[in-house]
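1. Okay, sequence plus prediction incoming.
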Amino acid sequence: MIEVQGLTKKFGHTVAVDNLHFSVKKGEILGFLGPNGAGKTTTMRVITGYMPPTSGNVSVAGFNVMQDPLEVKKRVGYLPETPPLYTDMRVDEMLEFAGRIKGVEKSDLQQRMEEVAEKTAITDVRKKIVGHLSKGYRQRVGLAVALINSPDILVLDEPTAGLDPKQIIETRKLILSLAGEHTIILSTHILPEAANTCHRVMIINNGRLVAEDTPENLTARLQGFDTLRLVVDGPQAEIQEKVSSMDGIREVAASVTHDGKVELSVQMSHGKDLRREIARAVVESGWGLMELRPLGMSLEDIFLQLTTKESLEHEMEEAPESPVGSLEQ
Amino acid sequence: MRNVWTITRKELNAYFRSPIAYIVLAVFAIIFGFFFYSVISLFMRQVFEQAQYTVMYGRMYPLNVNEMVIRPLLSNVSVVCLFLVPMITMRLFAEEKKSGTMELLMTAPITDMQIILGKFFAAFILYACLLGITFCYILILFRYGNPDWKPLIAGYLGQLLLGGCFLSFGLLLSTFTKNQLVAGSLTFGLFLMLWILNMASEYASTQVGQIVNYISFTTHIENFSKGVLDLKDTVYYLSVIGLGLFLTARSLESVRWRG
């Protein structure tokens, strides 16, 4: 449905998107994940025909965005980060206007408006002025605007940003219900969202693709090592030596917390669970065991590891060493 | 064409839903009313003087309403428009850029030119409404006098064309920024400069002066307000409008590239 080859977008000397390749199949939900400024919005804007790429080929439903921008735009519904709504219009007027400029036939327009209003659950606010609506409703009206001409492809830029938890869940459900009939690209920097809604996740940082896989695989690929967080009341050097000398420990990093306890991050060899042994060793040495818990690698950790820059290395010390190299494609 | 009309309707709605259209129209009606009053009182005085001469010399010197009332009134219209057109055009693109609705327009299956024309026509219709107000005043003249309507039509056509030039350049300047005030000030500054250039170059004898005088928007209104429909001036205005809209399209394209 969407083919992106060697997409590069520069703004002056800044490279926003750097040689990006990917494709999206029909009916798939693809998630763009990345910190702010990673190039997610720029990529989406190129796909929607809002801006031309500096170089590279982008085709949507078989039409090139540079050569047939109008054909592409007919098939893409776009919801930018701030829903593009005229605040002085009523919801109905907004939908009508969007339907007209998106080429919905006059005879079908009323029916389409009703359908999208129902789908996005805004039927009860249709007579209200957009400017008076809450953020959640505006987001849904924005989605209704994107859906008005039943596009094959939906591009959603941070669809849940700024919503309250209940609205986030509702929006997520809505997106899931739209999958199948629409091919969806959504961007987010909230990881559970990507994990919950997307079939495939692309992690982008500094305009480059860092990793691409299903949310499950991404997590699985990084679970080669089990890591423990250990807080002990006692002398740092001795504790560190004691723990490192145990069998099956790969690496130990220690630091002193602000209240004088020793905090260790312990990496165990794959498949070993040494929590009992470590606890016993600590207690038997007469130190105080304050905390011992496994650090599961969530998508969040992966994301941070893959996208955190070197300038933030002091923060990285707490996190387990990352196998970034193996993920780079 | 359907797309252009959709945009035009949306813009007209926006004008008349916000106070801006009413403010512009009201301000214009008041200012024009004042001009109308003072021109008419001047004219009345001349009529009385003329009547005295007629008695004294026994000869009639007919006074021309078109020349003495309508023409100065219409030339005042273009000056007032200098101040009001920026208020009409400043929001056209700046507001869309600020509120993010530009993204809706630019990802809809319509061309940039359709967007531009739609907005231009909306502004033009509002401007025509302004001229419509002046026409109401002029109608009073028909009630009490006997003005010739042919030069009147030429005069109004000239005003429409001149307004079109102002609007197309106002539209262009509105694409430069997302701040309405900046767009408005730029537009106002440009028009003021053109006006001053025109005044300065009016008596210029150097070639530069003559060129400037030729380029200036307001020079070409002279013939129209005399009631002369000159092809040269009409072509001049239409090409200036075209140039303004063309530059607006280029500017929008650059907005696309820059994001």
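-> In hand now; what should we look at? Residues are numbered from 1 along each chain as shown, chains lettered A, B, ... in the order given.
2. Name the helix or strand for the closest residue to chain B within chain A, please.
-> Closest residue of chain A to chain B, C-beta to the nearest C-beta: A:P84 (3.7 Å). C-beta coordinates here come from the backbone N, C-alpha and C atoms, glycine included. Using DSSP states H and E, A:P84 sits in no helix or strand.
3. Surely it is in contact with B:M106?
-> No - with contact defined as C-beta atoms under 8 Å, A:P84 does not reach B:M106; the gap is 9.5 Å.
4. Could you confirm B:N223 falls within a helix?
-> Yes - with DSSP: H, G, I helix; E, B strand; the rest coil as the criterion, B:N223 is part of a helix.
5. Wait, it touches B:D230, no?
-> Yes - B:N223 is within contact range of B:D230, at 4.7 Å (criterion: C-beta under 8 Å).
6. Relative to chain A, which residue of the stretch 101-250 of chain B is the closest?
-> Residue nearest to chain A within the stretch 101-250 of chain B: B:L104 (3.7 Å; C-beta to the nearest C-beta).
7. Tell me if that residue really is in a helix.
-> Yes - counting by three-state DSSP, B:L104 falls inside a helix.
8. What is the neighbour count of the closest residue to it other than its chain neighbours?
-> Of all residues not flanking B:L104 in the chain, A:P84 sits nearest, at 3.7 Å (C-beta to C-beta, 6 or more residues apart in numbering or on different chains). When neighbours are defined as other C-beta atoms under 10 Å in any protein chain shown, A:P84 has 24 of them.
9. What separation do you get for A:P84 and A:S107?
-> According to C-beta to C-beta, to the nearest Å, A:P84 and A:S107 sit 26 Å apart.
10. One more: A:E216?
-> Going from A:E216 to A:S107 by C-beta to C-beta gives 46 Å.
11. Between those two, point out the one with more neighbours.
-> Neighbour count, other C-beta under 10 Å: between A:E216 and A:S107, A:E216 has more, with 11 against 7.
12. Give the phi and psi angles for the more buried one, as a check.
-> phi -60, psi -50 (degrees, to the nearest 10).
13. Tell me where the model's unsure across the chain.
-> I went with chain A, as the question did not name one. Within chain A, the ranges that satisfy pLDDT under 70 run A:219-226, A:270-271, A:295-329.
14. Sorry, I should have been clearer: chain B.
-> B:202, B:204.
15. residue boundaries of the helices in the stretch 201-329 of chain A?
-> A:215-221, A:236-244, A:275-284, A:299-307, A:313-316, A:324-327 (DSSP state H, counting those that start in this stretch).
16. Quick check: which helices or strands does the second one pack against?
-> It refers to helix A:236-244. strand A:249-256, strand A:262-268, helix A:275-284 (3 or more C-beta pairs under 8 Å, 6 or more residues apart in numbering or on different chains; DSSP states H and E).
17. Tell me which of the ones you listed is the most buried.
-> Ranked by mean neighbour count, the helices and strands packed on helix A:236-244 are led by strand A:262-268 with a mean of 21 (mean count of other C-beta atoms under 10 Å in any protein chain shown).
18. how about the strand or helix carrying B:I31, does it get close to chain A?
-> For B:I31, the host element (DSSP H and E) is helix B:19-57. No - applying C-beta under 8 Å from any C-beta of the partner chain, one finds helix B:19-57 separated from chain A by no less than 11.1 Å.
19. my guess is A:Q236 contacts A:T257, does it?
-> No - with contact defined as C-beta under 8 Å, A:Q236 does not count as touching A:T257 (10.5 Å).
20. Those two: who's more crowded?
-> Each of A:Q236 and A:T257 has its neighbours counted (other C-beta under 10 Å); A:Q236 has more, 16 against 11.
21. Identify the residues contacting the more buried one.
-> A:254, A:256, A:262 (C-beta atoms under 8 Å, 6 or more residues apart in numbering or on different chains).
22. how many other residues sit next to the closest residue to A:G27 other than its chain neighbours?
-> Leaving out its chain neighbours, the residue that sits closest to A:G27 by C-beta to C-beta, 6+ apart is A:G180, at 5.4 Å. Neighbourhood size, A:G180 [other C-beta under 10 Å]: 12.
23. Could I have the CA atoms of stretch A:133-143 written out in CSV?
-> Provided in CSV are the C-alpha atoms of stretch A:133-143 (Å, rounded to 0.1, in the frame of the first residue of the first chain):
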residue,chain,number,x,y,z
LEU,A,133,-15.1,21.2,22.6
SER,A,134,-12.7,19.5,24.9
LYS,A,135,-9.4,18.2,23.7
GLY,A,136,-10.7,14.6,23.5
TYR,A,137,-13.7,15.6,21.4
ARG,A,138,-11.5,17.7,19.1
GLN,A,139,-9.2,14.8,18.6
ARG,A,140,-12.2,12.7,17.6
VAL,A,141,-13.6,15.4,15.3
GLY,A,142,-10.2,15.5,13.7
LEU,A,143,-10.4,11.8,13.2
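24. Please spell out which residues along the helix or strand containing B:L82 are buried.
-> Per DSSP H and E, B:L82 falls inside helix B:71-89. Using 16 or more other C-beta atoms under 10 Å in any protein chain shown as the test for burial, helix B:71-89 gives B:71-78, B:80-82, B:84-89.
25. Please work out the angle formed by the directions of the helix holding B:I31 and helix B:71-89.
-> 170 degrees (axes from the mean of the first three to the mean of the last three C-alpha atoms, to 10 degrees).
26. Following the chain past helix B:19-57, name the next helix or strand.
-> Helix B:19-57 is succeeded, C-terminally, by helix B:65 (DSSP H and E).
27. B:L131 touches B:L157, doesn't it?
-> No - using C-beta under 8 Å, B:L131 is not in contact with B:L157; the gap is 10.3 Å.
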